[in-house]
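> Show me how the following folds:
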Amino acid sequence: MRLRKNKKAVELNVNTIIIVILAVLVLVVLFLSFTGGMTKMWEQISSLWRPSKEIEVSNAVSTCNLYLGLPIKTSFCCSRQNIQNYGEITCKDLGIALNWEGFDDPVKAQEFCLDYECPGTEE
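Below you'll find the model as predicted:
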């Protein structure tokens, strides 16, 4: 004697649960959009991808040390970072301001930009 399993009833249950969950999510989104909560939620979500306004000097020096190891000089010589107490400066300018303290290879760092002109700058 074979017993038949009624799979349609199980599938209906799973499908019904999924549809109910989606309907509740749609209602929550509609409620938030009409009450202005969506704006607050979007600001919180988008703040996760916004870079902080200023970075600490130690983090900037670490980044500059990484740039110094790259064969392309643009990042070290031309890219500006907003660094606490220094404003928007390049790694080269930061090195000069710190007297190259904290740089892995101060000699290489001092000579790295000597013969390099940043793109888009004309003298």
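> going forward, measure contacts and count neighbours with C-alpha atoms only.
OK.
> Which positions within whatever helix or strand G95 lives in qualify as buried?
Counting by DSSP states H and E, the element that carries G95 is helix 91-97. Buried positions in helix 91-97, judged by neighbour count with 16 or more other C-alpha atoms under 10 Å: 91-95.
> okay if I get these as TSV plus pLDDT and distance to E111?
Putting these into TSV (pLDDT from 0 to 100; distance: C-alpha to C-alpha, whole Å) gives the following:
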residue	pLDDT	distance to E111
C91	91	13
K92	90	10
D93	92	13
L94	92	14
G95	91	11
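> quick revisit: contacting residues around the helix holding G95?
Contact partners of helix 91-97, identified using C-alpha atoms under 8 Å, 6 or more residues apart in numbering, comprise 60-61, 64, 76-81, 86, 100-101, 103, 109-110, 113.
> Keeping just the C-alphas, turn that helix into CSV.
The C-alpha trace of helix 91-97 is given here as CSV (Å, rounded to 0.1, in the frame of the first residue of the first chain):
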residue,chain,number,x,y,z
CYS,A,91,50.8,63.2,1.1
LYS,A,92,53.9,65.2,0.0
ASP,A,93,52.7,68.3,1.9
LEU,A,94,51.8,66.2,4.9
GLY,A,95,55.3,64.7,4.9
ILE,A,96,56.8,68.2,4.8
ALA,A,97,54.6,69.4,7.6
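> How about T90, nearest residue that isn't a chain neighbour?
Beyond its immediate neighbours in the sequence, the residue positioned closest to T90 (C-alpha to C-alpha, 6 or more residues apart in numbering) is R80, lying 4.5 Å away.
> Please read the previous query as pertaining to S33.
T39 is the one closest to S33 (C-alpha to C-alpha, 6+ apart), at 7.6 Å.
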